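Enquirer: need a 3D model of the following:
(one chain, ligands or ions: 1)
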Amino acid sequence: MSAAIEARDVVKRYGALEAVAGVSLEVPAGEVFALLGPNGAGKTTFVEILEGFRRRTAGEVRVLGTDPEAGGLAWRVRVGVVFQSAGYFDALTPRELLRHFAGFYPDPLDPDTAIAMVGLEEKRNTRIGKLSGGQKRRADLALGLIGDPELLFLDEPTTGLDPEGRRQAWAVIKEFAARGRTVLLTTHYLDEAEELADRVGIIVRGRIVELGPPHTIGGRERELARVTIDPPPGLPPPPGDWEAHADGRLELLTPEPTAVVVALARWAEAQGCGEVPGLEVRRPTLEDIYLRLVREHGGNGESAG
Ligand SMILES: Nc1ncnc2c1ncn2[C@@H]1O[C@H](COP(=O)(O)OP(=O)(O)OP(=O)(O)O)[C@@H](O)[C@H]1O
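Expert: The predicted model follows:
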């Protein structure tokens, strides 16, 4: 089957500002893809081009095999969208809203099922205008799912949700993906990208500067691991090239943390100290890699002007 999303050399200019500066991307059906990038990098613009809500200046796009600019109703019902901030239909209740929208789709979810999926049962008969920000966000997610789409676009789906709400939204997205559906999401939460995405793309100044699975992106898996310990009281430092920090902790950078930990365990046993106090092994996080890449590409803000 062809890719769910195919974009080639997509450009979007707003006057002199090139918000999307030649993005090519292929997302196969069944993949969860996360777009990361600083504020103003062009994520929403690019996603709205894929959704058919903005016209591109140049480039080729196919979403579920159709150019979104020409996508009719038969195409639109196959695509679900959760906007960055919906803020509409305040006078309706979630149940009324979902019932209303369910009517547009050939094979929708049951509105009460969608409400339960996002954990909004208690508020299903409360006007949306009276919901909290996080509850509205849950209603937005339910609205994106109501048509049981093949492809779901999520623009910052969990912004404003409490930790429990985020976990619940993640579970809903995972469950959706587990049925072989495709997801493209934007997020500022690196843990969210790591938790959900098969691949992430980092977009800076309108360009994708790095693309790959979250655990290998930017050479992450090849970067040195950091082993830290509290020096066991009354003992000499363990063998190895440990560096002492001001707070007394010892740190070692290594490409082979397993070997370091094994040597440390042998040493501790020989010294009769048992557990090594405060032992931690830390790999660079996705956030470390992301921040480095954004810095390298000079992207602490706006797209190329
Ligand atoms: N309708 C518009 N007219 C003019 N400029 C726009 C328009 N929409 C977006 N821009 C500009 O295009 C650039 C990219 O904006 P976009 O909303 O796509 O970024 P983003 O990556 O989604 O940012 P954020 O993380 O803050 O949501 C920004 O510089 C923004 O000011």
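Enquirer: residue ranges of the strands in the stretch 51-200 of the chain, please?
Expert: Chain-ordered strands for the stretch 51-200 of the chain, with DSSP state E, counting those that start in this stretch as the definition, fall at 58-63, 79-82, 151-155, 182-186, 199-204.
Enquirer: reformat these as CSV; add distance to the ligand.
Expert: In short, each C-beta sits where N, CA and C put it, glycine included. Compiled in CSV, the strands of the stretch 51-200 of the chain are given as follows (distance: least, C-beta to the nearest ligand atom, whole Å):
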stretch, distance to the ligand
strand 58-63, 15
strand 79-82, 14
strand 151-155, 8
strand 182-186, 6
strand 199-204, 7
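Enquirer: skipping adjacent residues, who's closest to residue 166 in space?
Expert: Among residues not flanking residue 166 along the chain, residue 158 sits closest, at 4.5 Å (C-beta to C-beta, 6 or more residues apart in numbering).
Enquirer: quick one, what contacts the one you found?
Expert: 137, 165-166, 169-170, 187, 189, 192 (C-beta atoms under 8 Å, 6 or more residues apart in numbering).
Enquirer: format these as TSV; extra columns: distance to the ligand, neighbour count and pLDDT.
Expert: Below are the contacts of residue 158 laid out as TSV (distance: C-beta to the nearest ligand atom, whole Å; neighbours: other C-beta atoms under 10 Å; pLDDT from 0 to 100):
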residue	distance to the ligand	neighbour count	pLDDT
137	15	25	87
165	20	20	86
166	18	20	92
169	18	24	89
170	20	17	94
187	9	22	94
189	12	17	93
192	14	22	95
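Enquirer: among the residues you listed, which two are most distant?
Expert: Comparing all pairs in these by C-beta to C-beta, the longest separation belongs to 165 and 187, at 14.3 Å.
Enquirer: circling back to that earlier point, out of the strands of the stretch 51-200 of the chain, which is closest to residue 97?
Expert: Nearest to residue 97 among those is strand 79-82; the distance by C-beta to C-beta comes to 13.4 Å.
Enquirer: so which elements touch the closest one?
Expert: Judged by 3 or more C-beta pairs under 8 Å, 6 or more residues apart in numbering; DSSP states H and E, the packing partners of strand 79-82 are helix 133-145, strand 151-155.
Enquirer: quick one: the closest residue to residue 277 other than its chain neighbours from the ligand, how far?
Expert: Using C-beta to C-beta, 6+ apart and skipping the chain neighbours, the partner closest in space to residue 277 is residue 230 (4.1 Å). Going from residue 230 to the ligand by C-beta to the nearest ligand atom, to the nearest Å gives 40 Å.
Enquirer: ok, residue 282 next?
Expert: The value you get for residue 282 to the ligand, if C-beta to the nearest ligand atom is used, is 28 Å.
Enquirer: which residues does the residue lying closest to that residue once chain neighbours are set aside contact?
Expert: With C-beta to C-beta, 6+ apart as the criterion, residue 282 has its nearest non-adjacent residue at 4.7 Å, and that residue is residue 226. Listed by C-beta under 8 Å, 6+ apart, the contact partners of residue 226 are 251-253, 280-283.
Enquirer: repeat that for 7 Å
Expert: By C-beta atoms under 7 Å, 6 or more residues apart in numbering, the contact set of residue 226 is 251, 253, 282.
Enquirer: can you lay out those as CSV showing secondary structure, pLDDT and neighbour count?
Expert: Formatted as CSV, the contacts of residue 226 follow (DSSP: H, G, I helix; E, B strand; the rest coil; pLDDT from 0 to 100; neighbours: other C-beta atoms under 10 Å):
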residue, secondary structure, pLDDT, neighbour count
251, strand, 94, 15
253, strand, 93, 13
282, strand, 91, 12
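Enquirer: for stretch 31-40, measure first residue to last.
Expert: Start-to-end span of stretch 31-40 (C-alpha to C-alpha, to the nearest Å) is 25 Å.
Enquirer: ignore what I typed, I meant stretch 27-43.
Expert: Terminal residues of stretch 27-43 lie 15 Å apart, using C-alpha to C-alpha.
Enquirer: that one near the ligand anywhere?
Expert: Yes - Stretch 27-43 is in contact with the ligand by C-beta under 6 Å from any ligand atom, via 37, 39-43.
Enquirer: among those, which one sits closest to residue 298?
Expert: residue 41 (11.6 Å).
Enquirer: wait, what's in contact with that closest one?
Expert: Counting by C-beta under 7 Å, 6+ apart, residue 41 makes contact with 203-206, 299, 303.
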